[in-house]
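[1] Quick one: sequence and predicted model below, then my questions.
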Amino acid sequence: MTSIILLSVLGIINLFLGFLRSNKILLPAAMVILALVFGANLLDWNAAPESYFSGMLTIDRYSVAFTGIVTLTTLLLIPFSQKYVRDGQENLAEYYSLLLFSLVGAIMMVSYDNLLMLFVGIEILSVAMYVVAGSDKRNVRSNEAALKYFLMGSFATGILLFGIALVYGATGAFSLIDIAGAVVQPANATFRPMLYIGMLLMFVGISFKVSAAPFHYWTPDVYEGTPTFFTAFMSTVVKTAGFAAFFKLLMVAFQAAESFWIPTIMAITVLTLLIGNVGAVAQTSVKRMLAYSSISHAGYLFIGLVALNGKLSANGIFFYSLAYSVATVASFGVLKLVADQRQREDYAVLNGLAKTNPLLAFVMTVAMLSLAGIPLTGGFFGKFFIFGAAMDKGYIGLVVFAVLMSMVSIYYYLRPVIAMYMRPAEEDMTEPVAVGPFQSAILVLLALLTILLGVLPGLLSKVL
Amino acid sequence: MLTVFLLLFPVAAALLLHFAKGNAARVMALGAALVEFAVAVYAAVISQLTAQTQFEVNVPWIASSGINFHVGMDGLSLVLVLLTAFLVPLIILASFRHDYPNASAFYALILFMQTGLIGVFVSLDAFLFYFFWEVALIPIYFLAGVWGSERRIAVTFKFFLYTIIGSLFMLAAFVYLYFQTGLHGAARSSDLLAFYNLTLSSDQQSWVFWLIFIAFAVKMPIFPFHTWQPDTYTESPTPATMLLSGIMLKMGIYGTLRWLLPIVPKGVSHWGPLVMVLCIIGIIYGAIIAIRQRDVKRLIAYSSLSHVGLMAAGVFSLTMIGLQGTVIQMLAHGVNVVGMFFIADIIQRRTGTRDIAELGGLTKNTPALSVTFLVLLLSTVALPLTAGFVGEFLLLGGVYQYNHWMGAVAGLTIILGAVYLLRMFQRVMLGPDTQFTATIKDLTGSELAVLVPLIVLVFWLGLFPGTFMRISEPAITQIMTIVTR
């Protein structure tokens, strides 16, 4: 709870710091705020689970763990904000504050105990995202992204709300525990279809938010049009919070109706894996490839949902989200630095990067290997734990399919590596990309974190 | 602790290399590799000749899942660790004449690779084994892909995809076995012994066999999983080719001995005949294609394909002499092929070509080169007194025990080997000079420093194979008892 309060209060203070109009103050201020929140959040780790607002929010280890991921991700991402959030730009402080406020939404999503809180959390997060998607105001693509995201997103929100209403109608409750009771023992069997329709509509709404197929169509365009810094935020924080919320919903509220919804979720999983991976193969822009790759990672995380394997799944989703977030921040960070200077986002922009910027190339390589799930990186153990949870429940076919898809993914994750190390730089791109010392340090930290997760996974494999 | 040192020392040295530049980097790398070799020899000297795993370390890795960092060496591991530690300094020394750009990264990757290789040979936990198996792939991919010749990008990409897809099958099998260990209320474990103690039905064994086998078959490679091999060997820079053929190929054979035969013995006896046929096809196929090659490096690559087929056949013959022959032949092949690729590299560097048709008459100016080349070549052809003879003799004996006809066909490898190797020697070294070869110089000191240890080992293995067979014998006997129980 401290983290929510801190973020809200300090977020407002940060907004007022905007009168100074200087990134020199705003960026460190935002980082200090995030570091404070991260620390305050960890303090709750050993505290007993505590409910707030008449049991609508619960801060327990589950929420602390996922809050930890989203704050850490934002903290490590924010140093790459430069240029989109330029010195002297009008709305500098607003963007930082929007991120801080949106984190409040993310934290509510991972600690809700009541569907209303879930809805409010999702909306706080989403509204902020609609705004930042269009933050590059004079760029047509950015405007298109914002409009597309807003229209589709509000539609999805409507569907989610409709689902919540139907579930309420069938069970008479918003609280997860009460819903669970009603799902096990319905008061009136005629409400059953209503409950099921409500569930499905909720699934559609949340699947949209985490960009799972077939509700993913907005993703590539929005990710491409949105300034890279915010794209990275969307594909990490929004996704992590979304899956934490989704898992809690399924595990606590709907588990008893497992036999009904597992086929649906399974179909979404297969489709997401297929579209994400096959779609990524065909891309010519690194950024679009990363957009499709983020769809495919939603698919792997879905396997943790299908498995619905209590602690195994929760730990799997936690580890996977962490490894995925770290690697994604690293890859978008590098891409942003390179693309900003060279004004392109295709694969060729990375050609010869190993010569001009060995550090960037190394970090990008580690990130790509981690996303591809190759050992020595955290991504491997993320997949390992998630697949393990599913195997434990006997979903062998699904795991085999996921493994086949991750073979496909090796193809597109190696392309940036090949470009950076094995192809010569294009003639007009032999200048090194300018990277600040602080950004270099953060990139090294991200790479080391990824390798640490891949070498000593035992540190974080059983936190929940 | 000795094992952990052997495992971590190269990677630590690799990290330090980043602070060195150019010449200093290669000298440091060589120094580190020599230290590693000294420690490996020390381990071999103080080890006991029993089937017991020695120098064992077993600490939790992913404690919550029963996955341990369990390493140790028995005789079989020790022999391969020795081979690795012996070859890596020579491979580094062999590259001294080249001026590879970004040398510190180049040598750091070689040392990093060494950690992966040694890790594969000492791991006693399935997931740790898989971990190192992939760790060994990453540096070699970059070595071949960054410093290779023109067609390297497509070729190494194919290599990477082949091996990683193969190993994902193996991972799937390990995960399956890991879950099997927990079936009867026991805690799940991925320890080697837990896998050995599994009681799998014949059906289970026969499909688990393929999952694991494909990973090893791609790595060795066995026909028809070999298509990445000739191109990758040819396009890679010579040190990478040496690592691939001299050591990495042995990962597959070692894996078969340690992680396939004892875990799914019924699967092995069920599919063994088919695999034997594939091996024999590989032997003949590799040899016949080698005859037609014009490129020296490519010829050696195909000859390596032919020889690895024989080694794999020895493994699947499931006879004591077949397995012992495999161990000796792994050493002999490592020495021979590294030497041969080095000589091909020397010739190419001096003359600017590897095309057999453009070469000729090298013996006149290069007596030392000719003699070393001939010795290595005859060892590859398996002439008595040389390393190749002992290995191939035992292997053919094993295959013959398994099936007379297969033994007879596999025996052709010696004849065919003589055909393509002696033909190459004759065309390259004898005959009239060509425009490329008229002014060739003989071996230099550093080149001799690589070749002399290799030659010494060729004769050592040829005359006193017992030194090494004694080390590996208890381990092999133990594997045989598990397989035949």
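    Received it, and whenever you're ready, just let me know what you need.
[2] all strands for chain A, in order.
    For chain A, the strands defined by DSSP state E occupy A:50-52, A:57-59.
[3] Spell out which residues of chain A are next to chain B.
    Contact residues, chain A versus chain B (Cβ under 8 Å from any Cβ of the partner chain): A:315, A:354, A:369, A:374-376, A:380-381, A:384, A:387-388, A:391-392, A:396, A:399-400, A:403, A:406-407, A:410-411, A:414, A:418, A:421-423, A:456-458, A:461-462. Heads up, the C-betas are built off the backbone N, CA and C, glycines and all.
[4] Spatially nearest residue to A:Gly55 (excluding sequence neighbours)?
    Spatial nearest neighbour of A:Gly55, chain neighbours left out: A:Asp113 (5.8 Å); criterion: Cβ to Cβ, 6 or more residues apart in numbering or on different chains.
[5] Looking at chain B, which residue is nearest chain A?
    Relative to chain A, the nearest point of chain B is B:Ser64 (3.7 Å; Cβ to the nearest Cβ).
[6] got a pLDDT number for that residue?
    You'll see B:Ser64 listed with a pLDDT of 80.
[7] How many residues are close by it?
    With neighbours defined by other Cβ atoms under 10 Å in any protein chain shown, the count for B:Ser64 comes to 15.
[8] contacting residues around the closest residue in space to B:Thr386 that isn't next to it in sequence?
    Of all residues not flanking B:Thr386 in the chain, B:Ser379 sits nearest, at 3.6 Å (Cβ to Cβ, 6+ apart). Contacts of B:Ser379 were listed using Cβ atoms under 8 Å, 6 or more residues apart in numbering or on different chains, and they are B:Ala332, B:Val335, B:Asn336, B:Thr386, B:Ala387, B:Gly388, B:Phe389, B:Val458, B:Gly462.
[9] Now do the contacts for the fifth one.
    Okay, so that is B:Ala387. Contacts of B:Ala387 by Cβ under 8 Å, 6+ apart are B:328, B:331-332, B:335-336, B:379, B:457-462, B:465.
[10] By neighbour count, which of the residues you listed wins?
    Counting neighbours by other Cβ under 10 Å, B:Asn336 comes out on top of the contacts of B:Ala387 with 33 neighbours.
[11] Let me see the contact set for that residue.
    Counting by Cβ under 8 Å, 6+ apart, B:Asn336 touches B:Leu376, B:Ser379, B:Thr380, B:Ala387, B:Gly388, B:Val458.
[12] and what of A:Gly379?
    Contacts of A:Gly379 were listed using Cβ under 8 Å, 6+ apart, and they are A:Ala323, A:Tyr324, A:Ala327, A:Leu369, A:Ser370, A:Leu371, A:Ala372, A:Gly373, A:Thr450, A:Gly454.
[13] mind putting those residues in TSV, pLDDT and neighbour count included?
    Converted to TSV, those look like this (pLDDT from 0 to 100; neighbours: other Cβ atoms under 10 Å in any protein chain shown):
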residue	pLDDT	neighbour count
A:Ala323	96	29
A:Tyr324	96	29
A:Ala327	96	31
A:Leu369	95	26
A:Ser370	95	31
A:Leu371	95	28
A:Ala372	93	23
A:Gly373	92	29
A:Thr450	96	25
A:Gly454	93	24
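[14] List just the nearest of these to chain B.
    Distances from chain B to the contacts of A:Gly379, taken as Cβ to the nearest Cβ, are shortest for A:Leu369 (7.2 Å).
[15] ok, that closest one touching A:Leu376?
    Yes. At 7.1 Å, A:Leu369 and A:Leu376 qualify as touching, with contact defined as Cβ atoms under 8 Å.
[16] Tell me the residues that contact both of the two, please.
    Residues touching both A:Leu369 and A:Leu376 by Cβ under 8 Å, 6+ apart: B:Ile138.
[17] Can you classify B:Asp100 by secondary structure?
    Actually, residue B:100 is Tyr. It isn't Asp. coil (DSSP: H, G, I helix; E, B strand; the rest coil).
[18] Which pLDDT value does the model give it?
    84.
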